[in-house]
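J.: Sequence and predicted structure below; questions after.
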Amino acid sequence: MTNAVLAGSTGLIELPAKAKLSPLVSSDSSNWPSEFPKSSQLFISALGTTRGNAGGFENQRKIDYDLNLALAKAAKEAGTKHYVLISSGGANPNSPFGYPKMKGELEEAVKALDFEHCIILRPGLIVGERNESRMAEGVFRKIASAAGCVSNGLKDFWAQDADVIGRAAVKAGMNCLEGKEEEKFRVLGQSDIVRMGRTEWK
């Protein structure tokens, strides 16, 4: 039986219940890297927070970049072969804007760790229920949901359901484990996420 580790997925993105994963559970996130399991072949990170929840961008970076990278390094040191990261659409290390720049820098950093496979998911606006919501995002999520009621195609090119993203992450990881992933490094855009998380998911 293959062991996999999941970090995150307690917020808007929740990976599917049928995925038999072992989450890292600890109230002190500074301990997570040292507690990383030694027997895992696959690590999926859906770890992230909002600027509001973190109390500012610098604190958000401590989670979205620093902790994510520390966990990826711990996974590599533990012998994990396959790494899947849920990043963000527009991630770009050269962006003049803080959030996409941070996400792009993280992508470059984990790619440099040289996993056997490194798969990056870049979803658009994430549609789903969130306990806390920012007004602008809430409005766009309602628009996306309404568009989806008419046709999934009206929504899929700019927004994806949280459960579809979660399923796509698991599917990407399973492809690596089963020898179906031919590329060492792959970026999955929004259309790829929809295909893997809805069409190909079983």
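T.: Good, I have the coordinates. Residues are numbered from 1 along each chain as shown.
J.: So for stretch 162-181, what gets flagged as buried?
T.: The neighbour-count criterion (16 or more other CB atoms under 10 Å) identifies 162-176, 181 as the buried residues of stretch 162-181. C-betas here are computed from N, CA, C, even on glycine.
J.: distance of the residue positioned nearest the centre of the chain from N53?
T.: Closest residue to the average C-alpha location of the chain: I86 at 1.7 Å, with CA atoms, centre = their mean. Look at I86 and N53: by CB to CB, to the nearest Å, they are 17 Å apart.
J.: Check V164 too.
T.: 23 Å.
J.: Then K73?
T.: 24 Å.
J.: mind checking the SS state of N53?
T.: helix (DSSP: H, G, I helix; E, B strand; the rest coil).
J.: Same question for V170.
T.: Three-state assignment for V170 (three-state DSSP): helix.
J.: Hmm, I44 and it touching each other?
T.: Yes - using CB atoms under 8 Å, V170 is in contact with I44, at 7.1 Å.
J.: just to revisit the earlier point, ok, of the buried residues of stretch 162-181, which one's closest to V194?
T.: Nearest to V194, judged by CB to CB, of those is V164 at 6.3 Å.
J.: What values do phi and psi take at R122?
T.: Here is the backbone geometry of R122 (degrees, to the nearest 10): phi -120, psi 80.
J.: what's the distance between the nearest residue to it once chain neighbours are set aside and L67?
T.: Using CB to CB, 6 or more residues apart in numbering and skipping the chain neighbours, the partner closest in space to R122 is G89 (4.8 Å). Taking CB to CB as the measure, G89 falls 21 Å from L67.
J.: Those two: which is more packed in?
T.: Ranked by neighbour count (other CB atoms under 10 Å), G89 and L67 place L67 first, with 21 against 18.
J.: That one is in contact with G48, isn't it?
T.: No - if you go by CB under 8 Å, L67 and G48 don't touch, sitting 9.6 Å apart.
J.: so where do the helices sit in this protein?
T.: Along the chain, the stretches classed as helices by DSSP state H are 51-54, 57-61, 68-77, 98-111, 135-150, 152-156, 162-177, 190-194.
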